[in-house]
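[1] Below is the structure, and that's it, no one-letter string:
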């Protein structure tokens, strides 16, 4: 398998062109870090194409993040902050992944710190409010219904 950039991998997954065996092969050949970078990419960069929406990229990536529970080597606050402008608020897998990986309290504290110390535009403020909403939704209960 040839090396691919993270956005290309995210698009291949979201489009359905990569099946589980392709994803497993990519992960085993290039490692968890490369897989995580590809799954994080839709939350940090626009990955739309003529036939693929940003929502689709995030939905597929978020589902795999939850399933694989890959390590996030980036600081939590930085990860959340960078995702605010592009995160599709309907993709609940993103906050659930963050909660499972870092803990609900840590996510809540990071959100509070961002809201207090950063200058946020309207879209980012709405994302912060929605993250708080999903945290109140008891992610551990919702996750149980999302995962096999």
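    Done, it's in. Remember, it's a predicted structure, so these values are computed and weren't measured experimentally.

[2] what ranges do the helices span in the protein?
    6-15, 20-44, 54-68, 76-83, 93-102, 104-117, 122-136, 139-146 (DSSP state H).

[3] Would you mind finding the most buried of these?
    helix 93-102 (a mean of 23; mean count of other C-beta atoms under 10 Å). All C-beta spots, glycine's among them, are computed from the backbone N, C-alpha and C.

[4] who does it touch, helix- and strand-wise?
    Helix 93-102 makes packing contacts with helix 54-68, helix 76-83, helix 104-117, helix 122-136, helix 139-146 when contacts are defined by 3 or more C-beta pairs under 8 Å, 6 or more residues apart in numbering; DSSP states H and E.

[5] Which one of those helices lies nearest to residue 89?
    helix 122-136 (4.4 Å; C-beta to C-beta).

[6] State the mean pLDDT of that closest one.
    Averaging pLDDT along helix 122-136 yields 95.

[7] any idea of the angle that helix forms with helix 104-117?
    If you take axes from the mean of the first three to the mean of the last three C-alpha atoms, to 10 degrees, helix 122-136 sits at 160 degrees to helix 104-117.

[8] Report the distance from helix 122-136 to the chain centre.
    In this view, helix 122-136 has its centroid 15 Å away from the chain centroid, taken as C-alpha atoms, centre = their mean, to the nearest Å.

[9] can you give me the angle it makes with helix 76-83?
    On the basis of the same axes, to 10 degrees, helix 122-136 is oriented at 130 degrees to helix 76-83.

[10] What ranges in the chain fall below the confidence cut-off?
    Applying pLDDT under 70 to the chain flags the ranges 1-3, 138-148.

[11] residues in contact with the residue nearest in space to the middle of the chain?
    Centroid-nearest residue in the chain: residue 94, 4.3 Å away (criterion: C-alpha atoms, centre = their mean). Residue 94 makes contact with 43, 58, 62, 65, 83, 87, according to C-beta atoms under 8 Å, 6 or more residues apart in numbering.

[12] Could you identify the most distant pair in those?
    65 and 87, at 12.6 Å, using C-beta to C-beta across these.

[13] Now tabulate the contacts of residue 94 in JSON lines and tack on distance to residue 9.
    Converted to JSON lines, these look like this (distance: C-beta to C-beta, whole Å):
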{"residue": "43", "distance to residue 9": "14"}
{"residue": "58", "distance to residue 9": "14"}
{"residue": "62", "distance to residue 9": "15"}
{"residue": "65", "distance to residue 9": "13"}
{"residue": "83", "distance to residue 9": "18"}
{"residue": "87", "distance to residue 9": "19"}
